Every structure is written in structure tokens, then in C-alpha cells.
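>>> With the input below, show me the fold.
(2 chains)
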Number of protein chains: 2
Amino acid sequence: MKLLEEKILAEGKILAGDILKVDGFLNHRIDVPFVMQLGREIARRYEKCGVNKILTIEASGIAVATAAAYYLNVPLVFAKKHKSGNISANVYSAGAHSFTHGNDYNAVVSKEYLSENDCILIVDDFLALGSAIECMMNIVHQAGAKVAGCASIIEKGYQGGGDKLRAKGVRVESLAVIDKMENGKIEFRPDEGEAS
Amino acid sequence: MKLLEEKILAEGKILAGDILKVDGFLNHRIDVPFVMQLGREIARRYEKCGVNKILTIEASGIAVATAAAYYLNVPLVFAKKHKSGNISANVYSAGAHSFTHGNDYNAVVSKEYLSENDCILIVDDFLALGSAIECMMNIVHQAGAKVAGCASIIEKGYQGGGDKLRAKGVRVESLAVIDKMENGKIEFRPDEGEAS
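The predicted model follows:
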């Protein structure tokens, strides 16, 4: 998505440890009018897929997932992160590793809010190694529901998580895919998903 | 807000420990089309107050704060919760206590995203004892910014946090105020803020 690539180049900062900081519009301060446009683009890409629910994970995925849910006119469920291994029987849970925070956590979703009749779009802000998305897919599968596909705002293509999912036949739409991030320069993968 | 009161009566569940569970539309599964209406109502109540930014706290305040920011056409900043006392010099931070989770935490906001020129609307999903909102007001004051007011979706009026703030002259708009919750019955305070 051209608009997003321009925003990343204009406002993103590359920090040590291979971190792309987009705190100024996506992760901490949220440029809501802009994020609504991102949500609308996600909705456009999945509008004919029978999606009846969006699944994301707290906290930084919630704003863009809210925007996408608004344009698809569906509810949103957000998985909660728990550090402890003490998980109730009333939830689906799966483990994941955070690349940004360098820690492990369990994501949990109440069994009340996912069912085998659901067709789920998984949304997150970042896709790097794919751990959070695989964790959410695991939860959707536990519920016996269908995954329509995944959408991320920024995919670090060179970390391989998105392409690993695509190789398994999962539809993954990322609004910007970074194929290279070196010496302060960012190279984007050509975007085949955007409407011309 | 009549629509919200009806939703709480129809879908809310009163649990042991004085917990009102609205996980089905506000806290875990989010009824996004409905939450957008809540955000629009918050925006309507603050539309002439010069608000240039919304502040909320992760995670369950983010969806409704996104909706309010959309209708006010302003950015949103969400405070992050940290358990550790190890806080960087580049953030504003303040302590708070979670009534729901029974724990203490520090809320932090990067100094980059609040300034003395800001006029802030503080938004959260619940207002009980007022700890989270007081914590956010503390952060806004550290930045030298102005608080236009606070908005919560559900205020537990009988816990006094909202009225304590009002007594200090802070404008607090709650879309539903529960004055009594006993034996499975909920009594709402008459809503003076709603447009007739």
C-alpha cells in the first residue's frame, strides 16, 4: 500500500537490534484517521471471503483490527496475553514468542467467543517470524473454526514468517512488506494486492 | 446512553466479587459496530472542547478510544502497562491499581507523544475507583498538558471514583453510570448528557 510505504519512510525509525520503530503512528501514538484507512484496505482485500469475525492479540493490534472490523461490519475478538502457565479450562490457549519484547507468553481466548461456525480473519500490526499469527491460527483451529486468512500492517519479509505461512497455503496480506532493512535503508517488496 | 444501558441489561453478567462482565461486547469480544456508536457519542459530548489528542491505557480501552478518536479526527496515545519499577527517563509514568485484576502497575507514555500544547481527552472502558483515570491525569499533568475531561463507557457510580473527580471540578462523562448492583439487579443513574 503506497500510502503506508511513504508513511514508514517518512516517520519510521530503524533502531539497533533490527527494530523498526513506528510508535509515532501505529504502536503507541496511533494516527487514527490513517489507521482507519489501513483497516479499510484490509477489509477491501477480504470483503468477499465470508469473514464473520476478526481475531487479534493485545495490545497494539487492537486499533487496526477495530478499523478492519468496522469496514467488514463484524465483531472483533482479541486474545489476551498471560505470562503464567495457569490457564482456565474455559479458554483456548497457545504459546508464542515476542520478537520485540524477547519473551514468551500464552495467548488465551474464551471458548465462548470462537466456534466451529466461524470464518476468521487474523489481524496484527507486525509480522516478523510469524509467532503471534501462528499462535492465533492454533487457537482458531482448536475452536474448529476456519481461517479466511491473515492480514498484517508491516511484514518483515526477510524474517520469513509470512512466506512460511504462504508456502503452507495460508493467505497472508501485508499492507507493506519489507524485504531489506540495512544501513538505515528500507526496501519494499512490490505490492500485488493493492487496487490500481 | 439508553442504547448502552439496554445492552448491559441484555448481555452483561454480574459475577461474584462485584464484577460486571461485559466481555461479550466490550472487553474481549468487541461488538465493533456498537463500539463505534459509543465512540461517536463520546466525540459528540466533547466536540467543542478543543481536544487534539485522546489518551487511553492498554488493552481494553483501545477499541473505544479508537472509535472516539475517529469521530473527533484526532490521534490516540495509549499508555503501556509495566509491572517493573524500571522506567526509562524518556517516559512519563505513574502508578495505578487494577480493581479487576487486583494488582498494581505503572502506566508509561513516551515523552515524545505528549506536550504542554496538548488538550487531552482521557478515555477508558470502565471507571470504578478511578485509579486508571487518575493515573492518566497524573501523566497529562507531568507533560504540562491540559485535561479537557474524561470519558468512560461504564462507571460504577457506587464506587465513587467518578464523583470524586467531579467534586474536584474534572468533567467526567460516562455513557452509563451504575448506581446500584445488587442481587443480580442493576440500577442506572439518570443520564443528563445524552442528546434528547
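>>> Pull out the buried positions in the longest helix seen in chain A.
For chain A, the helix with the greatest residue count under DSSP state H is helix A:32-45. Within helix A:32-45, the residues that qualify as buried are A:32, A:34-39, A:41-45, counting by 16 or more other C-beta atoms under 10 Å in any protein chain shown. C-beta here means a position set from N, CA and C on the backbone, and glycine is covered the same way.
>>> Report the mean confidence score over that helix.
Mean pLDDT, helix A:32-45: 98.
>>> now the angle from it to helix B:32-45?
160 degrees (axes from the mean of the first three to the mean of the last three C-alpha atoms, to 10 degrees).
>>> helices or strands next to helix A:32-45 in the packing?
Applying 3 or more C-beta pairs under 8 Å, 6 or more residues apart in numbering or on different chains; DSSP states H and E, we find helix A:32-45 packed against helix A:2-11, helix A:62-72, strand A:146-156, strand A:172-182, helix B:62-72.
>>> redo that, cut-off 10 Å
helix A:2-11, strand A:53-57, helix A:62-72, strand A:119-127, strand A:146-156, strand A:172-182, helix B:62-72 (3 or more C-beta pairs under 10 Å, 6 or more residues apart in numbering or on different chains; DSSP states H and E).
>>> Direction included, what does the second one pair against?
Read that as strand A:53-57. strand A:76-82 (parallel), strand A:119-127 (parallel) (DSSP bridges).
>>> Out of those, which gets nearest to A:Glu155?
Nearest to A:Glu155, of all those, is strand A:119-127, at 4.2 Å by C-beta to C-beta.
>>> Now render the helices and strands packed on helix A:32-45 as a markdown table, adding distance to B:Ala151, mean pLDDT and mean neighbour count.
Output for the helices and strands packed on helix A:32-45, formatted as a markdown table (distance: least, C-beta to C-beta, whole Å; pLDDT from 0 to 100; neighbours: other C-beta atoms under 10 Å in any protein chain shown):
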| stretch | distance to B:Ala151 | mean pLDDT | mean neighbour count |
| --- | --- | --- | --- |
| helix A:2-11 | 28 | 97 | 15 |
| strand A:53-57 | 23 | 98 | 28 |
| helix A:62-72 | 17 | 98 | 27 |
| strand A:119-127 | 25 | 97 | 25 |
| strand A:146-156 | 27 | 98 | 24 |
| strand A:172-182 | 30 | 96 | 20 |
| helix B:62-72 | 7 | 98 | 27 |
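>>> Same list (the ones you listed) but as a markdown table, adding distance to A:Ala89.
Output for these, formatted as a markdown table (distance: least, C-beta to C-beta, whole Å):
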| stretch | distance to A:Ala89 |
| --- | --- |
| helix A:2-11 | 41 |
| strand A:53-57 | 20 |
| helix A:62-72 | 26 |
| strand A:119-127 | 22 |
| strand A:146-156 | 24 |
| strand A:172-182 | 32 |
| helix B:62-72 | 27 |
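>>> now for the ones you listed, which one comes closest to B:Gly157?
Comparing these under C-beta to C-beta, the one sitting nearest is helix B:62-72, at 18.8 Å.
>>> most centrally placed residue in chain A?
By C-alpha atoms, centre = their mean, chain A has its centre lying nearest to A:Asp124, at 1.7 Å.
>>> Can you tell me the closest non-neighbouring residue to it?
Using C-beta to C-beta, 6 or more residues apart in numbering or on different chains and skipping residues adjacent in sequence, the residue nearest A:Asp124 is A:Gly61, 4.5 Å away.
>>> Spell out which residues sit in contact with that neighbour, please.
A:26-27, A:54-55, A:76, A:78-79, A:122-126, A:132, A:136, A:152-153, B:59, B:62 (C-beta atoms under 10 Å, 6 or more residues apart in numbering or on different chains).
>>> can you check A:Pro33 too?
By C-beta under 10 Å, 6+ apart, the neighbours of A:Pro33 are B:69-70, B:73-75.
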